[in-house]
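Colleague: Prediction below, plus the sequence it came from.
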Amino acid sequence: MPTTDSGEFRTLGRTGLHITTLGYGAMELRGAPRGRAITKEQAAQVLNGVLDGGINYIDTSIDYGMSEELIGECIGHRRSEYFLASKCGCLVGAEQTAERGRSAHVFTKENILAGVNQSLRRLKTDHLDLVQVHASPSRKELEDNDSIAALQQLQREGKVRFIGMSGTIPNLADHIAMGVFDVFQIPYSALEREHEDLIAKAAQAGAGTVIRGGVAKGEAGSARADADRWAVWQKANLDDLLDEGQTAMEFMLRFTLSHPHLSTTIVGTQNPEHLTHNIDAYHQGPLPADVYAEAKKRLATAGSAPSA
């Protein structure tokens, strides 16, 4: 594995982990009722395809239904080939597992410890490379619950290597200022640039940056796509910037990869063909500098710009 940053590998901030700039987001493996049904055989094909395609970073969560269990069952035996990130603050126990969906979040020490221990069992591993606080709680909520102490206890026990935050406006700036998080997971795409400058601030503070939503939750017209976001694409006339044969999704992924302070972007799918297309776009790397600059200019005019 490379020891210096390159087009396809970056260092995840002060963790020192050398990760692929394309990661795999495993929410699409959650299954019904909140997602599409998936079999163990389908999950095994995709997850092994992720590793065989050279991706070495996988992100999941307690909240993602069957995801953790499928990762453990399908590629637990290949654990040395990937860095594994999950989340905490999600409810554990019968209520959560019965619903297989995202519930309220509780950031007490007891729930954080129980959640990580449950994740380790499901994922068939003795440690998480990264555990991220889910749902961007306020600094006060973290302090009132002594949440950071719980995460640091897990580090001392060897169950967690690094701690992170899945953060968003309005609390993200406070999270960065706390100075305790090694990694931030932040939403960002060409059509959702509100956090663009905060990604840079997190990286400048020494943290790794994991970008989610880097392809705007799927192509226009798909079940999870945001119609309002894709209206920005049309308003910005970005089709004019596509190379011959290039799809909007490929352009979107390469736009995200062009952020100079990105460590990795996690993109999920349960479709092996989509995975192959994502890997192909990833190998093309960031957009040419002039195309990236022009796209940002047009997007700002169309309403997609960093938050003031």
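Modeller: Structure received. Not measured: the values here are computed from a predicted model.

Colleague: could I get stretch 33-45 in PDB with only the CA atoms?
Modeller: Output in PDB follows, covering the C-alpha atoms of stretch 33-45 (Å, rounded to 0.1, in the frame of the first residue of the first chain):
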ATOM      1  CA  PRO A  33     -38.200  -2.300   5.300                       C
ATOM      2  CA  ARG A  34     -36.200   1.000   4.900                       C
ATOM      3  CA  GLY A  35     -34.200  -0.200   1.900                       C
ATOM      4  CA  ARG A  36     -34.500  -2.600  -1.000                       C
ATOM      5  CA  ALA A  37     -34.400  -6.300  -0.100                       C
ATOM      6  CA  ILE A  38     -31.100  -8.000  -0.400                       C
ATOM      7  CA  THR A  39     -29.900 -11.600   0.000                       C
ATOM      8  CA  LYS A  40     -26.600 -12.700   1.600                       C
ATOM      9  CA  GLU A  41     -25.500 -13.900  -1.900                       C
ATOM     10  CA  GLN A  42     -26.100 -10.500  -3.400                       C
ATOM     11  CA  ALA A  43     -24.200  -8.800  -0.500                       C
ATOM     12  CA  ALA A  44     -21.300 -11.200  -0.800                       C
ATOM     13  CA  GLN A  45     -21.000 -10.400  -4.600                       C
END
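
Colleague: Which parts of that stretch count as buried, going by neighbours?
Modeller: The neighbour-count check on stretch 33-45 (16 or more other Cβ atoms under 10 Å) flags G35, I38, Q42, A43, Q45 as buried. Yep, even glycine has a C-beta here, placed from its N, CA and C like the rest.

Colleague: any idea which of these is the one closest to R229?
Modeller: G35 (19.9 Å; Cβ to Cβ).

Colleague: these two touch, right, that closest one and M27?
Modeller: Yes. Counting by Cβ atoms under 8 Å, G35 does reach M27; the two are 7.3 Å apart.

Colleague: Hmm, V215 and M249 touching each other?
Modeller: Yes. Between M249 and V215 a contact is recorded at 5.5 Å, counting by Cβ under 8 Å.

Colleague: which of the two has more neighbours?
Modeller: V215 (25 against 19; other Cβ atoms under 10 Å).

Colleague: distance of the closest residue to L191 other than its chain neighbours from P187?
Modeller: In space, and not counting its chain neighbours, L191 is closest to R229: 4.0 Å by Cβ to Cβ, 6 or more residues apart in numbering. Distance of R229 to P187, computed by Cβ to Cβ, to the nearest Å: 11 Å.

Colleague: which residues sit in contact with the residue nearest to I186 when sequence neighbours are not counted?
Modeller: Sequence neighbours aside, H195 is the residue nearest to I186 in space, at 4.9 Å (criterion: Cβ to Cβ, 6+ apart). Residues near H195 by Cβ atoms under 8 Å, 6 or more residues apart in numbering: T168, I169, L172, I186, P187, Y188, P306, S307.

Colleague: next one: T209
Modeller: Residues in contact with T209, defined by Cβ under 8 Å, 6+ apart, are G13, V183, F184, I186, I199, A202, A203, H261, L262, S263, T264.

Colleague: for it, helix, strand, or coil?
Modeller: strand (DSSP: H, G, I helix; E, B strand; the rest coil).

Colleague: got it, and R161?
Modeller: Applying three-state DSSP: R161 is strand.

Colleague: got the contact list for the closest residue to it other than its chain neighbours?
Modeller: Leaving out its chain neighbours, the residue that sits closest to R161 by Cβ to Cβ, 6+ apart is D129, at 5.0 Å. Neighbouring residues of D129 by Cβ under 8 Å, 6+ apart: T15, L17, F83, L84, A85, R161, F162.
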